[in-house]
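S.K.: Got a predicted model here, sequence first, then my questions.
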Amino acid sequence: MSVSGTVGAEHHTMSVYVRFQSPRPGRRGVHIGVFGLANSLARSGQLSASEMLVWRTAGDWINKTCTNPTDTYPEAYDDDVNPLATAWFKASATHLIEGVSQHLDLLKSYGIACVRVEAGDPGRIIYEDDLQVLVVPHDGAITSFHPETYHGPNVA
């Protein structure tokens with residue numbers, strides 16, 4: 001599956017990777033991903049009991065369906081080893097991309113912006129499996145934001 005993206009005046013079919021993230025970088029300089037945003041919301045104590053159940057059920061499904069890169073590569077998110085590392089779904093992992101909808105709905109209901117970003121080359125791959133990649137930017141000054149494929153806030 002390919003996803004269309006627009007760069008300048010040209011139209012390209014190029015997106016191989018998909019990420020859901022905050023539109024602004026966090027304290028590490030990385031745009032916090034959908035799971036980090038949802039986990040922070042859950043830890044904040046703002047969710048109702050039914051929303052906590054949705055968050056936990058959705059998180060459990062992702063954890064069963066998708067390998068955590070740190071299980072096989074403990075330094076995956078170590079800032080000294082892999083500064084600005086971010087995880088991206090492969091565009092072919094449509095069940096995972098669709099599966100984040102519950103997280104996106106929770107974020108949207110609390111006014112927390114989360115955008116869909118697509119890229120053909122999000123960075124240097126440091127981990128890969130059938131469903132996802134973990135990358136660090138080619139240029140350390142560039143974060144995970146790819147404005148040419150920004151799809152606006154809360155795409156749920």
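M.R.: Sure thing, it's come through.

S.K.: From Leu37, how far off is Gly26?
M.R.: According to Cβ to Cβ, to the nearest Å, Gly26 stands 9 Å off from Leu37. C-beta coordinates here come from the backbone N, C-alpha and C atoms, glycine included.

S.K.: same deal with Glu51?
M.R.: For Glu51, the distance to Leu37 - Cβ to Cβ - is 14 Å.

S.K.: neighbour count winner among the two?
M.R.: The neighbour comparison of Glu51 against Leu37 (other Cβ atoms under 10 Å) goes to Leu37, with 23 against 17.

S.K.: Okay, and the more buried one sits in which element?
M.R.: In this assignment (DSSP states H and E), Leu37 forms part of helix 34-43.

S.K.: Other residues contacting the stretch of helix or strand Met52 belongs to?
M.R.: Here Met52 sits within helix 49-65, counting by DSSP H and E. With contact meaning Cβ atoms under 8 Å, 6 or more residues apart in numbering, helix 49-65 is reached by 35, 38-39, 41-42, 47, 95-96, 99-100, 102-103, 105-106, 109, 131.

S.K.: If we only consider those residues, which is nearest to Val16?
M.R.: Nearest to Val16 among the contacts of helix 49-65: Leu131, at 12.7 Å, using Cβ to Cβ.

S.K.: residues contacting the closest one?
M.R.: Contact analysis of Leu131 by Cβ under 8 Å, 6+ apart lists 65-67, 89-90, 93, 96.

S.K.: ok, and the closest non-adjacent residue to it?
M.R.: Spatial nearest neighbour of Leu131, excluding adjacent residues (Cβ to Cβ, 6 or more residues apart in numbering): Ala93 at 4.2 Å.
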